[in-house]
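Student: Requesting a structural model of the entry that follows:
(one chain, ligands or ions: 1)
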Amino acid sequence: MMSARQVFRLSSRMRCFSSTAARPAAEVKRLGVIGAGQMGLGIALVAAQKAQVPVTLVDSSSASLEKGLAFAEKLLAKDVSKQRITQDQADAARTLLTPSTKIEDLASADFVIEAVPEIPELKFDIFGKLAQICPKHAILATNTSSISITRIAASTTGGNPTDTTNSSRVVSTHFMNPVPVQKGVEIISGLQTSAETLETAVAFCKRLGKVTSVSADSPGFLANRILMPYINEAIICLETGVGDRDSIDAIMKNGTNVPMGPLQLADFIGLDTCLSIMKVLHTETGDSKYRPSVLLRNMVDAGWLGKKSGKGFYDY
Ligand code: NAD
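Tutor: Numbers count the residues shown, from 1 in each chain. Model (predicted):
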């Protein structure tokens, strides 16, 4: 298997041969976001507030759109009540958000960010459609946590992988949860991604007030490659009796100056999500150091998924 450095070097070299009509980030006048869940809604709201661009928010479920927009209202009202923004700014952000259930409404988007569930075939299908629907200069970005960007880009070629017209404009903008709070975004190029696409993605995320890191298209990218083995190791420490829950969380919280310990963090992320990312790291690298903890597997089997299910390492 190639090391991350080799993957990165190879994709940088290959990028010289790709072409795209990507426009500079400053010329992104309309954003499209697909998926109005936790991540998509956050991305749409931040774009409306920080970059002040009109955002078309597409979701296949009108109930999700309604729920997402109601949540956006709540976040804006909270910002106003805490005097972080004025009522006029909240109103301006709200009017920039246009909900839709039709992907065809992204026909005039300059930049699209996909944030639908982590199901490869679903993302491949959406990117195939975006390549047909969006203008040729539009950047097509994914918020995937673990799926290869190269594979997603390949789904835009219509069966002709050597034609990089569409695949060169696919990139990942991997936002962190919750999007309005977390500043970091990792930007990942696939093998086909052009240098202009990468540049535009970095610059657009900066327009959203984010701090960007660039990662190779390698399992887990940067954030999860580092974070998930840390969480997994904390769970192994619990399972093998090296320490109890409170000792593990207390030493990491108070010893490394993070807001919460690894077990509490795992509960917030969702133990099913942690397990699926560990499985990707394990299977894609074949390296036993990424083997998911047995306790983590058992907790997911029990339906104890953390905060969202009311029970994880803590009760909610
Ligand atoms: P979510 O389940 O909260 O939201 C997904 C939304 O997509 C739902 O509203 C759903 O109705 C909609 N959807 C489903 N199929 C669709 C389709 N065909 N067309 C349009 N909309 C569709 O998911 P999320 O937590 O926001 O995650 C979205 C993506 O972001 C995933 O790829 C995930 O891995 C990634 N991600 C999640 C987190 C996190 O902490 N939740 C962090 C970083 C990245």
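Student: Point out where the stretch 1-150 of the chain drops to low pLDDT.
Tutor: 1-22, 26 (pLDDT under 70).
Student: can you rerun that using 50?
Tutor: 1, 13, 16-20 (pLDDT under 50).
Student: who's in contact with the residue in it that the ligand sits nearest to?
Tutor: Closest residue of the stretch 1-150 of the chain to the ligand, Cβ to the nearest ligand atom: G37 (1.8 Å). Any C-beta I mention is one placed from the backbone N, CA and C, and that applies to glycine too. G37 is in contact with 59, 64, 68, 115-117, counting by Cβ atoms under 8 Å, 6 or more residues apart in numbering.
Student: now do F71
Tutor: F71 sits in contact with L41, where contact means Cβ under 8 Å, 6+ apart.
Student: again, only this time at 10 Å
Tutor: Contact analysis of F71 by Cβ atoms under 10 Å, 6 or more residues apart in numbering lists 36-38, 41-42, 45.
Student: Same check on N177?
Tutor: Taking Cβ under 10 Å, 6+ apart, one finds 38-39, 42, 145, 268-270, 273 in contact with N177.
Student: cutoff 7 Å now
Tutor: Applying Cβ atoms under 7 Å, 6 or more residues apart in numbering to N177 gives the contacts 38-39.
Student: how near is it to A223?
Tutor: Relative to A223, N177 is positioned 11 Å away (criterion: Cβ to Cβ, to the nearest Å).
Student: Can you give me the neighbour number for the residue lying closest to E73 once chain neighbours are set aside?
Tutor: For E73, ignoring the flanking residues on the chain, the nearest one in space by Cβ to Cβ, 6 or more residues apart in numbering is R94 at 7.3 Å. Using other Cβ atoms under 10 Å, R94 is surrounded by 15 other residues.
Student: End to end on stretch 168-180, go ahead and measure it.
Tutor: 29 Å (Cα to Cα, to the nearest Å).
Student: and it, what's its mean pLDDT?
Tutor: If you average the pLDDT over stretch 168-180, you get 96.
Student: longest helix anywhere in the chain?
Tutor: helix 62-81 (DSSP state H).
Student: Can you tell me which helices and strands the helix or strand following that helix packs against?
Tutor: Heading C-terminal from helix 62-81, the first helix or strand you meet, by DSSP states H and E, is helix 87-96. Packed against helix 87-96 by the contact rule (3 or more Cβ pairs under 7 Å, 6 or more residues apart in numbering; DSSP states H and E) you find helix 62-81.
Student: So is the helix it packs on next to the ligand?
Tutor: Yes: residues of helix 62-81 are located near the ligand by Cβ under 6 Å from any ligand atom, namely S64.
Student: Can you point out the buried residues in that helix?
Tutor: 64-65, 68-69, 71-72, 75-76, 79-80 (16 or more other Cβ atoms under 10 Å).
Student: Could you do stretch 157-176 as well?
Tutor: Applying 16+ other Cβ under 10 Å to stretch 157-176 flags 157, 164-176 as buried.
Student: quick one: which two of those residues are the most distant?
Tutor: Spanning the widest gap among the buried residues of stretch 157-176 are T165 and M176, at 31.1 Å by Cβ to Cβ.
Student: Which element, helix or strand, includes D272?
Tutor: helix 271-285.
Student: where does that helix sit relative to the chain's centre, distance-wise?
Tutor: Taking Cα atoms, centre = their mean, to the nearest Å, one finds helix 271-285 lying 16 Å from the centre of the chain it belongs to.
Student: packing partners for it?
Tutor: Using 3+ Cβ pairs under 7 Å, 6+ apart: helix 271-285 touches helix 223-239, helix 294-302.
Student: Could you dump those into TSV with distance to F127, mean neighbour count and mean pLDDT added?
Tutor: Below are those laid out as TSV (distance: least, Cβ to Cβ, whole Å; neighbours: other Cβ atoms under 10 Å; pLDDT from 0 to 100):
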stretch	distance to F127	mean neighbour count	mean pLDDT
helix 223-239	21	19	97
helix 294-302	29	16	98
